[in-house]
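Asker: quick check, what structure comes out for this input:
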Amino acid sequence: MRTQIGIDGHKDTLETLALDQSGVRHRKKFENTSEGRAKLVAWSKARNPERCCIESTVPYSGPVAFALFEAGLPVVVANPRAVRDFARLIGSLNKTDKADALVIAKYAETMKPELWIPPSAALQRLTALSRRLDSLKDMRKMEVNRLEDERIDPLIRDSIHHIAGQLAIAIELVEAQMALHVREHADLWVKARLLETIPGIGFR
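Answerer: Next up, the predicted model:
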């Protein structure tokens with residue numbers, strides 16, 4: 001009997017529910033660690049799932065999806081908005097981890113979303129660099145915003161200028177690494193050039 005597995009992923013735990021065609025539910029909680037994910041894989045395999053569905057919640061869903069995929073299981077990485085819309089559609093407004101896992105399993109059963117295929121190693125690295133760039137920019141903005149306090153101590157102002165300057169250097173380095181990485185991979189380079197033909201879109 002084919003089963004849908006819904007996984008509500010968090011930093012420390014994976015609240016999991018297996019829903020079979022007769023409506024029987026099996027619940028299990030795993031730690032979101034390498035050992036816990038290995039147990040999740042074994043538990044899921046024993047249920048011969050049609051889909052193992054987890055919401056895309058960076059960075060917690062990625063290791064789970066890869067562990068399931070590498071074990072040969074059918075994986076869906078669902079858009080959280082699509083799952084929320086589905087929850088409203090079926091009138092499930094109960095916001096708990098267990099309820100979320102059930103909604104995710106029902107979403108997989110009803111909507112039959114396409115199976116997930118991992119991005120290429122080159123695209124994964126570009127994504128990681130892009131996220132790091134965003135983090136550095138956010139940190140620099142936070143530092144610069146502190147300079148708006150007119151009564152700020154001069155020593156603190158100097159410290160902020162120093163940190164903001166170091167962050168600016170780090171930002172330039174990551175941007176250079178991204179540009180080099182794209183140039184070294186023809187598929188990414190072609191896609192980047194195509195995107196840049198759209199008015200208002202530049203390389204960054």
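Asker: my hunch is that residue 28 is in a helix, does that hold up?
Answerer: No: with the criterion set as DSSP: H, G, I helix; E, B strand; the rest coil, the secondary structure at residue 28 is strand rather than a helix.
Asker: name the nearest residue to it, ignoring sequence neighbours.
Answerer: Among residues not flanking residue 28 along the chain, residue 16 sits closest, at 5.0 Å (Cβ to Cβ, 6 or more residues apart in numbering). Backbone N, C-alpha and C define where each C-beta goes, glycine included.
Asker: just the element for that neighbour, please.
Answerer: Counting by DSSP states H and E, the element that carries residue 16 is strand 13-20.
Asker: got the angle between the worst-scoring helix or strand of the chain on mean pLDDT and strand 13-20?
Answerer: Across the helices and strands of the chain, mean pLDDT, DSSP states H and E gives its lowest value to helix 97-111, namely a mean of 88. Angle between the axes of helix 97-111 and strand 13-20 is 40 degrees (criterion: axes from the mean of the first three to the mean of the last three Cα atoms, to 10 degrees).
Asker: please save the CA atoms from helix 97-111 in CSV.
Answerer: Output of helix 97-111 as CSV, limited to C-alpha atoms (Å, rounded to 0.1, in the frame of the first residue of the first chain):
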residue,chain,number,x,y,z
ASP,A,97,4.1,20.5,14.5
LYS,A,98,2.0,17.3,14.4
ALA,A,99,-0.8,19.0,12.5
ASP,A,100,1.7,20.5,10.0
ALA,A,101,3.2,17.1,9.3
LEU,A,102,-0.4,15.8,8.6
VAL,A,103,-1.1,18.7,6.3
ILE,A,104,2.1,18.2,4.4
ALA,A,105,1.3,14.5,3.9
LYS,A,106,-2.2,15.3,2.7
TYR,A,107,-0.7,17.9,0.4
ALA,A,108,1.5,15.3,-1.2
GLU,A,109,-1.4,12.9,-1.5
THR,A,110,-3.9,15.3,-3.0
MET,A,111,-1.7,17.7,-5.1
